[in-house]
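Participant: turn this into a structure:
(one chain, ligands or ions: 2)
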Amino acid sequence: MAKKRSPRPKLNPEAIAALDRLYEQLPKAQCIGACWDSCGPIEMTPLEHWRIKAAGFDIPNANAARDGLSVCPALTLLHQCAVYESRPLICRLWGVMETMPCNYGCQLDGPPLTDRQAHEFIAQVHDIAGEHAEAEMIRRPWLLNPGRAEEVAANYHQALRDEDLREQVRLKKLIESGQTVFYVRGRGHISSTPPPSGANS
Ligand code: SF4
Ligand code: SF4
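Facilitator: Ligands and ions are numbered 1, 2, ... in the order given. You can find the predicted model right below:
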């Protein structure tokens, strides 16, 4: 069974505007929109989930992939993202991180994010939602033992690239035990969706 999502955070206009300002700070890719087949169930923060749900799409978390669901409900028949403007951070990170580069050679307008920088973005999304304990949990491993956090994150991304579900599950347990935190991408592919025009990331 898919794990239940967290309770609904307040979807106030200030939080949504802050979310969009945060997304604006990410590197931009000259995306060729080639990776739509990676759009499966995804982990995201509750604020992002409820924002997209309010737009009519209830995207399940990654456990749904193990339950047999393989396509993100926001992916259209034309292989575009129906919630492109409000797509979650994880969909924007694929292709713009050192450890999750674009499989299709899409170029960035600046240096890729390190794992630590990407985690800080995730923590800030939680802060925007008022989920400061979650934000602290994400930052903690990088403050206490950055080498270990980096190692686990890098191994996790390798498991994603290898589509090694068993290793993903093992590392996810490690992650959930508080040693480090990272998202799970539903079908374990390296990249994300083709947007209506331009980059997913
Ligand atoms: S980018 Fe893909 S995975 Fe992300 S919300 Fe859009 S369709 Fe779903
Ligand atoms: S969405 Fe990102 S990963 Fe996918 S083709 Fe575009 S730049 Fe590459």
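Participant: how near is residue 45 to residue 78?
Facilitator: Distance, residue 45 to residue 78, by C-beta to C-beta, to the nearest Å: 27 Å. No exception for glycine: its C-beta is placed from N, CA and C like everyone else's.
Participant: likewise for residue 111?
Facilitator: 32 Å.
Participant: show me where the chain has its strands.
Facilitator: 29-30, 96-97, 100-101, 107-108 (DSSP state E).
Participant: ok now the second one, how far from the chain's centre?
Facilitator: Between the centre of strand 96-97 and the centre of its chain there are 11 Å (C-alpha atoms, centre = their mean, to the nearest Å).
Participant: picking that back up, can you redo the strands of the chain as CSV with distance to ligand 1?
Facilitator: CSV is the format used below for the strands of the chain (distance: least, C-beta to the nearest ligand atom, whole Å):
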stretch, distance to ligand 1
strand 29-30, 13
strand 96-97, 13
strand 100-101, 14
strand 107-108, 17
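Participant: in a markdown table: those strands, plus distance to ligand 2 and mean pLDDT.
Facilitator: A markdown table is the format used below for the strands of the chain (distance: least, C-beta to the nearest ligand atom, whole Å; pLDDT from 0 to 100):
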| stretch | distance to ligand 2 | mean pLDDT |
| --- | --- | --- |
| strand 29-30 | 4 | 90 |
| strand 96-97 | 7 | 90 |
| strand 100-101 | 8 | 82 |
| strand 107-108 | 8 | 92 |
